[in-house]
Structures are given as structure tokens and as C-alpha cells.
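S.K.: Turn this into a model:
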Amino acid sequence: MKFGIAFANVGPFGQAEHAAFLGQRCDEVGVESLWTVEHVVVPQGYKAQYPYSKDGRMPGGEDSPIPDPIVWLSFMAGVTERVRLGTGILILPQRHPVYVAKAFASLDQLSGGRAALGVGIGWMKDEFEVLGIPFEERAPRTEESCQALRSLWSPGATGFDGKFYNWGPVESNPKPVQQPGVPIIVGGHVQGAARRAARVGDGFWPNVSPAELPGLLDVMADECGKTGRNPGEIEITCGLGKPSLDFVKQMEDLGVSRLMMPPPGFDHDGLRAGLEKIGNELIAKV
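M.R.: Residues are numbered from 1 along each chain as shown. Take a look at the predicted model:
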């Protein structure tokens, strides 16, 4: 089992000193990965319902700083040595795949092959309206973008012919260190995300309870059967709170290979103690 820290770029970790401290302590204790969140803007009084809270509001206020995830991960590439650097998630339909391909290939080069691209379709319709991107198109745009990214990361000059994106042969360099490209992890808690992971994902990150997980994995496996994929090739990430060894074993039995946790502290002393506890009580024992 691998262990990752989610929500890694929010709160005090948007500041260079605290971000570097987090990353370096993760390196020391063997945390496998750091994962960012994103919102390019948060419209005041947004009407959309955040799907992971009872009141429909996302954590933090509307004015809470959320650094750009790719910029933040690039900074972290320079202050860490081993920890993987991922978006958890990037709202892919809000970004043109040509720019995403360039940014993640660059991050993969600068980090020595440690980049991971977690993607989702987004939930905040108000934000899409600011960007002028049709909210109703976000799912097919996401799948087409994943296909476009892999085309741009492939060797030589390539073109792309899709419904939303089209271009003739272009050179997009550098290429990622990881081949055939940066791993794409599809996030989501509904059946559509499970099917999307089967079609275009290297991994699937369903943020659901252990009771809900088998049903989504069955949906993913069924879609894999339709597309000729082996569902065992899709890495499963999940996470709810701070796991115990029993919880780790339960999730392993369900096919999960990475568990996510929030930062175990926000000041240096609390973070150091929390990460050392994770290292001693979990990472060292699995």
C-alpha cells in the first residue's frame, strides 16, 4: 500500500516555507505522493453544491487561497527528491490539452519522472460560466482531452481530430520522462467516473466509503470488458480520514493500492509529529 497526502497546496502550504517543509518531511518518512486541489476562481455566493459535504459548501471560505496546482507542484519538484507530485484533481475540461500536455511533460522532466495527472470533470457550474466553457460538455471534453494528451506525449509530430479539439501535426516537446506518458488518474464518486476511468484512465480515484467502493469497481470492470481492457491494469486510489492497519488491510482486499490522507498537522511541530506517526505506525508496517 502506498500513502499520499491530499489537499497539499491549501492553507499554510500555499506558502513556500511551509510547502517545502511538508514535502521534505514526506520524503523523510516515506509518504509516496502529494496531491493538490484547484479552483481558478470561486464566484461569490456560488450556487453549485459541493458533492462531498452535507451543506453543499466546499472546505474553507470563498476567499481561501488555492495556488495554481501546476505551479505549486513545480516548486515542490525543486525542494523534494522522491515524493510523487500529483493533481488531485485538475479540472481538465477548463484547460486546453495543448497547455496541459506541455506543463505536465515539463513537470515530469523537472521532477525526474515523478508527475501524476489526476483529472476530474468539475462540479462548480458557476466557475465554468466565468470561463465561458459549457458545463454540460465537461464529461466528453475531459475524455477527449485525455486522448489528446497522450497524442501530444507520443514520439514525433502528431495531429489530433476530435469534436472539441483539432490540429494538424505539431511538435510538443519536451516529452515526459515516464513513457508512454504521465499517468492519468480519473477522479470521481459516481458511475460515470468509473466508466471514464475504464476508457481513458491509468488509475481511478473514487472518494467513497469501503461499502460503496465494490459497486463502482464492478462498473469500471464491466466497462473494461466492453473496451477490451484488463481492469487490473488500473491503479485504485481511495481515502477517507486517517487509516488504521485494519483499514489498510480492508482496502487492500478491495483492490486499493494507494490511500489518501489530509495533512496530519498545519504547524511545523504538528506536521512533523503527525508524519512521523504515519511513517512508524503505517508505512513501516505494510
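
S.K.: use CA for all of it now, contacts and neighbours both
M.R.: Noted.

S.K.: any idea where the strands of the protein begin and end?
M.R.: For the chain, the strands defined by DSSP state E occupy 2-5, 33-36, 84-91, 115-120, 158-161, 166-170, 184-187, 203-205, 235-238, 258-261.

S.K.: can you redo those strands as a markdown table with mean pLDDT?
M.R.: Formatted as a markdown table, those follow (pLDDT from 0 to 100):
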| stretch | mean pLDDT |
| --- | --- |
| strand 2-5 | 97 |
| strand 33-36 | 98 |
| strand 84-91 | 98 |
| strand 115-120 | 98 |
| strand 158-161 | 97 |
| strand 166-170 | 98 |
| strand 184-187 | 98 |
| strand 203-205 | 98 |
| strand 235-238 | 98 |
| strand 258-261 | 96 |
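
S.K.: can you list those strands in CSV and add distance to His268 and mean neighbour count?
M.R.: Formatted as CSV, those follow (distance: least, Cα to Cα, whole Å; neighbours: other Cα atoms under 10 Å):
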stretch, distance to His268, mean neighbour count
strand 2-5, 16, 22
strand 33-36, 17, 26
strand 84-91, 21, 26
strand 115-120, 26, 26
strand 158-161, 47, 14
strand 166-170, 46, 11
strand 184-187, 30, 27
strand 203-205, 29, 27
strand 235-238, 26, 22
strand 258-261, 17, 22
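
S.K.: would you list the ones you listed in CSV and tack on distance to Trp72?
M.R.: Formatted as CSV, these follow (distance: least, Cα to Cα, whole Å):
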stretch, distance to Trp72
strand 2-5, 14
strand 33-36, 8
strand 84-91, 10
strand 115-120, 12
strand 158-161, 29
strand 166-170, 28
strand 184-187, 18
strand 203-205, 21
strand 235-238, 22
strand 258-261, 19
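
S.K.: Count the neighbours of Gly61 for me.
M.R.: Neighbourhood size, Gly61 [other Cα atoms under 10 Å]: 10.

S.K.: sorry, back to before: looking at the strands of the chain, which is closest to Leu152?
M.R.: Closest approach to Leu152 among those (Cα to Cα): strand 158-161, 6.5 Å.

S.K.: Now do that closest one: everything it contacts.
M.R.: 148, 151-152, 166-171 (Cα atoms under 8 Å, 6 or more residues apart in numbering).
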